[in-house]
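Colleague: Test case, fold it:
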Amino acid sequence: MALPVAFFAVFFAWPVVSIVDRGLRPDGSWRFGRIGETLSRPDILDVLGFTAWQALASTGLTLLVALPGAYVFARFDFPGKGVLRAVVTVPFVLPTVLVGTAFLALVGRNGLTDELWGLRLDTGVWAILLAHVFFNYAVVVRTVGGLWSQLDPRQEEAARVLGASRLTAWRTVTLPALVPAVSAAALMVFLFTFTSFGVVQILGGDAYTTLEAEIYRQTARLLDLPTAAVLTLVQFAAVGAILALHAWTVRRRETALRLVPPERTARRPRGAGQWALLGGVLLSVALLILLPLGVLVERSFAGPGGYGLGYYRALGSLDESGTFLVPPLEAIGNSLRYALAATAIAVVIGGLAAAALTRRAGRLVRGFDALLMLPLGVSAVTVGFGFLITLDEPPLDLRASWILVPLAQALVGVPFVVRTMLPVLRAVDERLREAAAVLGASPWRAWREVDLPLVRRALLIAAGFAFAVSLGEFGATVFIARPDSPTLPVAVARLLGRPGELNYGQAMALSTILMVVCAVSLLLLERLRTDRTSGEF
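Modeller: Okay, the predicted model is just below:
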């Protein structure tokens, strides 16, 4: 645990605490009264209210749309299931800026719905809610569907034999078993939507602002650190409560159920009703996931003179507007280099953390497990700005170093590495390690000969997820990426922030490139993924 604890202390706790300290103690004395003053302001109350409301609405809408998909992926066996499973996961690893861009191209000004029917949804809250469903669909499908596929269907069949109707059998047998998984998925969706930033920045404009977007505004635009510090504390408290509830639901699911291999539960659809359900799910996936991505690709080729590669060619030249100091195309190489470095860091830190969590060490280790999840919910804006004000003096003067961006990205990648590797490490029989030790193997050799062959595939999957999420990190990177070394999400945000058809088209082209890289990564991961561990994303 030593290296992961040190990593999180230096690159997570220190920057966040420093921001809060500067905000609440500007002249050396604590001003806790600032908390009450800030939280009583009408504009801040409006932000908090909208943040909670849209998170609840997004969570409910996501469950409504995604639960039928979870059932289909869990219980039905149909051609192309593996590819479709990877496709529905692509939005989750896309940058939130790209998600906002895709829906802007679909429902925004001059978007598909505007051109066909004169209908714009970006002026209301519906675009934000639909984008959140698009982003979190895979969370429900994988979390709930992973458990649903391992529930023994014979229990529900026994209830039917005893006279229960199909609905009664599902309500009294299957639903209680699924409640922990549904609760865990709902909490994770609520967490991601509560801390939404990129989607709201693109689609919300000045009319709709979430807590994370307001922290960015107070920090970057108004330089009001006291208000930003108070909002960071509020978000930290909310995220801590959500993660505590999530950990409790996961423990319930792990200890209360007897599961069967998913291969025994999946079968081809039977009857008109099941085929109709499968068709409805496929249609919803096509409209909700494939259509926004398809419109994004279409807009990247649709130039003023017709379809072509004009926007892609423009990425290789430096425009005169001053948006970039280098051609936007260089953002691709920057992102790949940063993501590879962040993946290496995340695999080392996350792998050590997962190994530590495998050993039963009581409350200390359980608390460490919760700590590892905090970067997913704590303000990335706070972390990025905290990097600038803490890592600016020897021996950690990293403001001019390229490594600063991979360090911030690795913070987001570590939780995915831990969640992927932990169930596999826990499945390794401890007696194998003991046998190796009895035969004279050192701990290092026992790990190399026993653990590594068993977890090699999980390690590759963890590295793939870390690479994908690092590639799309935006909240912290927008602060610390140097002007001459922008990443893809930062470049897309800058282009969208500039008027003009060329900037918009280049943003679509960069977004398409980023989407393709993420999609290829997910398809490769799906080929590697042979185990179906429930509850682990």
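Colleague: helix or strand right after the one helix or strand in the chain whose mean pLDDT sits lowest?
Modeller: Among the helices and strands of the chain, helix 363-373 carries the lowest confidence by mean pLDDT, DSSP states H and E, at a mean of 71. For helix 363-373, the following helix or strand on the C-terminal side (DSSP states H and E) is helix 380-390.
Colleague: helices or strands next to that next one in the packing?
Modeller: Helix 380-390 sits against helix 14-24, helix 211-216, helix 404-427, helix 477-480, with contacts defined as 3 or more C-beta pairs under 8 Å, 6 or more residues apart in numbering; DSSP states H and E. Glycine gets a C-beta too; all of them are placed from N, C-alpha and C.
Colleague: low pLDDT regions in the chain?
Modeller: Along the chain, the parts satisfying pLDDT under 70 run over 26-32, 246-247, 249-264, 319-324, 359-367, 377, 526-537.
Colleague: report the longest helix in it, please.
Modeller: helix 42-75 (DSSP state H).
Colleague: Touching stretch 483-492 from outside, list them.
Modeller: 95, 97-98, 101, 198, 324-326, 328, 330-332, 334-335, 338, 402, 405, 471-474, 477-478, 481, 494, 507, 510-511, 513-514 (C-beta atoms under 8 Å, 6 or more residues apart in numbering).
Colleague: State the distance from Trp146 to Pro415.
Modeller: Actually, residue 146 is Gly. It isn't Trp. Computed with C-beta to C-beta, to the nearest Å, the distance linking Gly146 and Pro415 is 17 Å.
Colleague: Then Leu495?
Modeller: Noted for Leu495: a distance of 30 Å to Pro415, by C-beta to C-beta.
Colleague: Look at these two and report which has more neighbours.
Modeller: Leu495 (27 against 23; other C-beta atoms under 10 Å).
Colleague: Tell me if I'm right that the more buried one and Ala509 touch.
Modeller: No: using C-beta atoms under 8 Å as the test, Leu495 is too far from Ala509 to be in contact (9.2 Å).
Colleague: quick one, helices of the stretch 201-350 of the chain?
Modeller: For the stretch 201-350 of the chain, the helices defined by DSSP state H, counting those that start in this stretch cover 211-216, 225-256, 271-285, 291-301, 310-314, 330-358.
Colleague: Make TSV out of those helices and add distance to Leu112 and mean neighbour count.
Modeller: Listed next are the helices of the stretch 201-350 of the chain as TSV, based on distance: least, C-beta to C-beta, whole Å; neighbours: other C-beta atoms under 10 Å:
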stretch	distance to Leu112	mean neighbour count
helix 211-216	26	26
helix 225-256	34	18
helix 271-285	17	14
helix 291-301	5	20
helix 310-314	17	18
helix 330-358	26	22
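Colleague: would you turn those helices into a markdown table with distance to Asp122?
Modeller: Converted to a markdown table, the helices of the stretch 201-350 of the chain look like this (distance: least, C-beta to C-beta, whole Å):
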| stretch | distance to Asp122 |
| --- | --- |
| helix 211-216 | 15 |
| helix 225-256 | 25 |
| helix 271-285 | 21 |
| helix 291-301 | 13 |
| helix 310-314 | 21 |
| helix 330-358 | 25 |
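Colleague: what about the ones you listed, which gets the closest to Leu523?
Modeller: helix 291-301 (13.9 Å; C-beta to C-beta).
Colleague: could you give the angle of that closest one to helix 271-285?
Modeller: 40 degrees (axes from the mean of the first three to the mean of the last three C-alpha atoms, to 10 degrees).
Colleague: Would you mind pulling the contact partners of helix 291-301?
Modeller: Against helix 291-301 from outside (C-beta under 8 Å, 6+ apart): 90-91, 98, 101-103, 105-106, 111-112, 134, 307-309, 311-312, 504-505, 508-509, 511-512, 515.
Colleague: Now do Phe103 against His132, distance only.
Modeller: Per C-beta to C-beta, Phe103 is found 10 Å from His132.
Colleague: between the two, what contacts are shared?
Modeller: Common neighbours of Phe103 and His132 (C-beta under 8 Å, 6+ apart) are Val199.
Colleague: about what we covered before: now restrict the contacts of helix 291-301 to buried residues only.
Modeller: Listed as buried from those are 90-91, 98, 101-103, 105-106, 111-112, 134, 311-312, 504-505, 508-509, 511-512, 515; burial here means 16 or more other C-beta atoms under 10 Å.
Colleague: Sort out for me which of those are in helices.
Modeller: Secondary structure from DSSP H places 90-91, 98, 101-103, 105-106, 112, 134, 311-312, 504-505, 508-509, 511-512, 515 of those in helices.
Colleague: Not counting sequence-adjacent ones, nearest residue to Tyr137?
Modeller: Ala66 (4.9 Å; C-beta to C-beta, 6 or more residues apart in numbering).
Colleague: Contact partners for that neighbour?
Modeller: 133, 136-137, 139-141, 144.
Colleague: now, which of these sits nearest Pro79?
Modeller: Nearest to Pro79 among these, with distances taken as C-beta to C-beta, is Val141, at 18.1 Å.
Colleague: what about that closest one, helix or strand, and which?
Modeller: Of the helices and strands defined by DSSP H and E, Val141 is found in helix 126-148.
Colleague: what about Leu175, how many residues close to it?
Modeller: 11.
Colleague: With Val381 instead?
Modeller: Neighbour tally, Val381, other C-beta under 10 Å: 29.
Colleague: ok, now Pro327?
Modeller: Neighbours around Pro327, by other C-beta under 10 Å: 13.
Colleague: Settle this for me: it is touching Ala314, isn't it.
Modeller: No: contact between Pro327 and Ala314 fails when scored by C-beta under 8 Å: they sit 9.0 Å apart.
Colleague: Which helix or which strand is home to the nearest residue to Leu525 once chain neighbours are set aside?
Modeller: Nearest residue to Leu525 in three dimensions, chain neighbours excluded: Gly464, at 4.4 Å (C-beta to C-beta, 6+ apart). For Gly464, the element it lies in under DSSP H and E is helix 452-471.
Colleague: Please export the C-alpha coordinates of that helix as PDB.
Modeller: Below are the C-alpha coordinates for helix 452-471, written out as PDB (Å, rounded to 0.1, in the frame of the first residue of the first chain):
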ATOM      1  CA  LEU A 452       0.800 -13.200 -13.000                       C
ATOM      2  CA  PRO A 453      -0.200 -16.000 -15.400                       C
ATOM      3  CA  LEU A 454      -3.700 -15.900 -13.900                       C
ATOM      4  CA  VAL A 455      -4.200 -12.100 -14.000                       C
ATOM      5  CA  ARG A 456      -2.400 -11.400 -17.200                       C
ATOM      6  CA  ARG A 457      -5.600 -11.100 -19.200                       C
ATOM      7  CA  ALA A 458      -7.200  -8.900 -16.600                       C
ATOM      8  CA  LEU A 459      -4.100  -6.700 -16.500                       C
ATOM      9  CA  LEU A 460      -4.400  -6.100 -20.300                       C
ATOM     10  CA  ILE A 461      -8.100  -5.200 -19.900                       C
ATOM     11  CA  ALA A 462      -7.300  -2.900 -17.000                       C
ATOM     12  CA  ALA A 463      -4.600  -1.200 -19.100                       C
ATOM     13  CA  GLY A 464      -7.000  -0.800 -22.000                       C
ATOM     14  CA  PHE A 465      -9.600   0.900 -19.800                       C
ATOM     15  CA  ALA A 466      -7.000   3.100 -18.200                       C
ATOM     16  CA  PHE A 467      -5.800   4.100 -21.700                       C
ATOM     17  CA  ALA A 468      -9.300   4.900 -22.900                       C
ATOM     18  CA  VAL A 469     -10.300   7.000 -19.900                       C
ATOM     19  CA  SER A 470      -6.900   8.800 -19.800                       C
ATOM     20  CA  LEU A 471      -7.300   9.700 -23.500                       C
END
